[in-house]
Every structure is written in structure tokens, then in C-alpha cells.
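Student: quick check, what structure comes out for this input:
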Amino acid sequence: MNSDSRAENQSVAGSGRNVVLVGIDGSDQARHALERALDEARAQDLTVRLLGAYPVIGVGDPGLEMRFTEAVMKENADHLAEARQAVEQAGLPVEVVEAGGDAAKAVVEQSGEAALVVMGKRGRGGALRGRLGSVSAAVAAHAKCPVIIVPDAAEIRHSERRGGSAGDFALEAEGPVQADQIDFTGRVVVGLDALGSRSPALGKAVAYAQEHGKVLALVSVNGALSGTPSWFQDEFNQARYFHEADQKLTEISDEIAAEHPELTVEHHIFVGRPARILMNATHSADLVVVGSRGIGGFRGLLLGSVSQGVLENATGPVMVVPAHRS
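Tutor: Have a look, this model is predicted:
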């Protein structure tokens, strides 16, 4: 059935895009996402808009349908009231929206009025039902603004970092090192494809690093060697590739520095699988930024293979930036 959004606060319709939208379903994941949304609201001077969605069913029994609707609406309202109290205690402006019907559709519709969406990686199967979770996957694919997906609390890495693959390595100035040895602590990492400086993800990563006072780390990955025979890899001209990639990234870094002299920019060159390398970066980075679809993506895909691969296994927050639509 179609979602039916009802705004508790009449200012919602006219508040423009100065809003961070966060899905609320009463789960620990939603509470964790709300904490992140509060941080984003402070950094970017945004209003926090809370969205709670409840299911609507049709079983041919009006009395049963009514009792069910009353129950889930009350549950939804209770979750929203709890979240609203947390926002008010943080001293931030807040709006509340209730929606009946599909949760992902409700979030996507509201994203057109938001600067940013923040979602837990998986819901609890409550008012915002879905498990990369079906809701978060659909929102990341179709939202009209950037979406930050926050991982489960149990996945968040602080005490132990997961290892990468032996086939993934970074080409540093001093020579190749294993990809998982690169520490991105305090950095906003953005993966660049053939779009280079024209990538929508890069623009958002620059803005985010500025707003949060972080170092910007540009990452380029050559995935062409993945799956090739050993003799081919042995003959791969590593020094030539490093030189060419370093030149391109240095040009992009210089462009950014010229426009944003206060921003510290660094770059890293990897060889391996792009999704795996960027996923590994989530173990230490403050944020990893990817496009919803890369330049080689097929029209009609929900998410590009890289962004989907990163989201599925990320242990830190990931921002998905909508691709330019033709």
C-alpha cells in the first residue's frame, strides 16, 4: 500500500533541505543512528527530523485491521516520543513524521527534503521493518540525498581490526605494503573511479571533511589484476602504474587544495578488489564515502557492486552519495 506521511510539526513542509532525516524503530540500531544524526546536526547546523513508519495490512477483517493499526501506531508514537526527548535534551531543533506503509518508500520520499539521511544498518523488524537490511539497502540505492549507514554496535571496531586479503596491497612511496596496514584514523576516505574530480562522492567527501575538521584521504584502486594468472601479475609494471596513478591523484589533490587551502589532503594507491579495500578502510576511518553507482554501473541496478560490497561488510559508517541522474 502507499505510504501516508503525517507531520506532527507543520513546519516540516517548509523547512527545506536543512534537515538530517533519521529512521526510528525503537531498536538499538536506530538509537545508535540517532546519536550519529545528532553529531551531524551539530556539525552542519541542521534540524533533526525523526521518521517512524508503521505497517498497514489488509486481511479482509476491518475490526482486526483496526486493532492492529492502533497497536502499531501506538508503538511507533512511543518510539518517536523517546527519540524526540533525546533530541530536545541535546538542545537541537526537532521535527517528527509518522508514515503508514512501506518504510523504505517513506524514507526515500522524505529524502527529497533533506540534506542527509542517517540509517541503522539493520532494523529490528519493528516499526521500521527490514533487515543491509532491506530498508537500508533500498534507501541507500534510491535516496535523493547522501545517506550515512551506521553499523551494528557489535560490528564496530575498536579493539580488533579484521585482516584483509593477501592479494590487496597499497603502493606507497617506500614500496608495496599490505592493504590492511594503512591506518585511516581521523580521515574521511573517498574511493575515486574514472570520473575523478567530477565524482559526486568526492564533492561530498570534501564538504564533510571540512565541516568535521578531518583529513581527506583519496583512494584509487586498480582492480584489473584480480583473478589474473600469476605470470601476468609478475609482469605487471608496478612502478609505471604507481607513477601514472600518483600523477592523477596529485592533480586532483592540488585542485582541492587550491579551493580549500585549510583542508589537509592525502592520497593512497591500491591494487586489489575495490570493495574489499574500501570495506577494510571502514575499520579505522571516521567515514568512508562511495557513490551509489560507479561509472561502469548498469542502469537499473539498485546499488553498484562496490558500494553494495562495502555496505554489506562495513564495520564503520559509510556515506552513499547518489549518482548523477540523466
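
Student: looking at it, G167 is touching G272, isn't it?
Tutor: Yes - in this structure, G167 is within contact of G272 by Cβ atoms under 8 Å, at 5.6 Å. Where C-beta positions appear, they are placed from N, C-alpha and C, glycine not excepted.

Student: what are the ranges of the strands in the stretch 1-150 of the chain?
Tutor: Ranges of strands within the stretch 1-150 of the chain are 4-7, 19-23, 47-54, 94-100, 116-120, 147-150, based on DSSP state E, counting those that start in this stretch.

Student: now these as JSON lines including distance to E70 and mean pLDDT?
Tutor: Putting the strands of the stretch 1-150 of the chain into JSON lines (distance: least, Cβ to Cβ, whole Å; pLDDT from 0 to 100) gives the following:
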{"stretch": "strand 4-7", "distance to E70": "15", "mean pLDDT": "51"}
{"stretch": "strand 19-23", "distance to E70": "22", "mean pLDDT": "97"}
{"stretch": "strand 47-54", "distance to E70": "10", "mean pLDDT": "96"}
{"stretch": "strand 94-100", "distance to E70": "12", "mean pLDDT": "96"}
{"stretch": "strand 116-120", "distance to E70": "26", "mean pLDDT": "95"}
{"stretch": "strand 147-150", "distance to E70": "31", "mean pLDDT": "96"}
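
Student: hmm, back to that, so between G167 and G272, which is more surrounded?
Tutor: Taking neighbours as other Cβ atoms under 10 Å, G167 and G272 compare with G272 leading, 22 against 15.

Student: any idea how far the closest residue to that one other than its chain neighbours is from M319?
Tutor: In this structure, G272 finds its nearest non-sequential neighbour in D168, 3.1 Å apart by Cβ to Cβ, 6 or more residues apart in numbering. To M319, D168 is 22 Å away according to Cβ to Cβ, to the nearest Å.

Student: cool, and V94?
Tutor: Here V94 is placed at a distance of 22 Å from M319 (Cβ to Cβ).

Student: more neighbours: those two, which one.
Tutor: Using other Cβ under 10 Å, the more surrounded residue of V94 and M319 is M319, with 23 against 19.

Student: my guess is the more buried one contacts G291. True?
Tutor: No - the pair M319 and G291 fails to qualify as a contact (Cβ under 8 Å) at a distance of 9.9 Å.

Student: so what's in contact with the two at the same time?
Tutor: The contact sets of M319 and G291 overlap at A201 (Cβ atoms under 8 Å, 6 or more residues apart in numbering).

Student: distance of S284 from Y241?
Tutor: With Cβ to Cβ as the criterion, S284 and Y241 are 25 Å apart.

Student: who has more neighbours, these two?
Tutor: S284 (20 against 16).

Student: wait, doesn't A140 sit right on S307?
Tutor: Yes - A140 lies in contact with S307 (Cβ under 8 Å); the separation is 7.2 Å.

Student: now do the shared contacts for the two.
Tutor: Residues touching both A140 and S307 by Cβ under 8 Å, 6+ apart: 292, 320.

Student: and the pLDDT for A153?
Tutor: Looking at A153, its pLDDT is 63.

Student: what's the answer for S27, then?
Tutor: Taking S27 on its own, its pLDDT is 89.

Student: ok, now A127?
Tutor: 42.

Student: same question, the one 10 residues further on
Tutor: Here the pLDDT value assigned to A137 is 87.

Student: hmm, back to that, turn the strands of the stretch 1-150 of the chain into a markdown table, columns for distance to D180.
Tutor: Shown next, in a markdown table, are these (distance: least, Cβ to Cβ, whole Å):
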| stretch | distance to D180 |
| --- | --- |
| strand 4-7 | 43 |
| strand 19-23 | 32 |
| strand 47-54 | 36 |
| strand 94-100 | 40 |
| strand 116-120 | 26 |
| strand 147-150 | 22 |
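
Student: and the nearest residue to L192 once chain neighbours are set aside, how far from Q44?
Tutor: Nearest residue to L192, sequence neighbours excluded (Cβ to Cβ, 6+ apart): S220, at 5.3 Å. According to Cβ to Cβ, S220 and Q44 sit 28 Å apart.

Student: compare those two (neighbour count), which wins?
Tutor: Taking neighbours as other Cβ under 10 Å, S220 and Q44 compare with S220 leading, 21 against 15.

Student: how close does that one get to L249?
Tutor: Look at S220 and L249: by Cβ to Cβ, they are 6 Å apart.

Student: any common contacting residues for these two?
Tutor: Common neighbours of S220 and L249 (Cβ under 8 Å, 6+ apart) are 192, 267, 269.

Student: redo the residues you listed as a markdown table? Include secondary structure.
Tutor: What follows is those, written out as a markdown table (DSSP: H, G, I helix; E, B strand; the rest coil):
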| residue | secondary structure |
| --- | --- |
| L192 | strand |
| H267 | strand |
| I269 | strand |
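
Student: which among those end up buried?
Tutor: Among the shared contacts of S220 and L249, those buried by neighbour count (16 or more other Cβ atoms under 10 Å) are 192, 267, 269.

Student: show me what the last one is bridged to.
Tutor: Assessed by DSSP bridges, I269 has beta-bridge partners S220.

Student: that one reaches K248, doesn't it?
Tutor: No - using Cβ under 8 Å, I269 is not in contact with K248, being 9.5 Å away.
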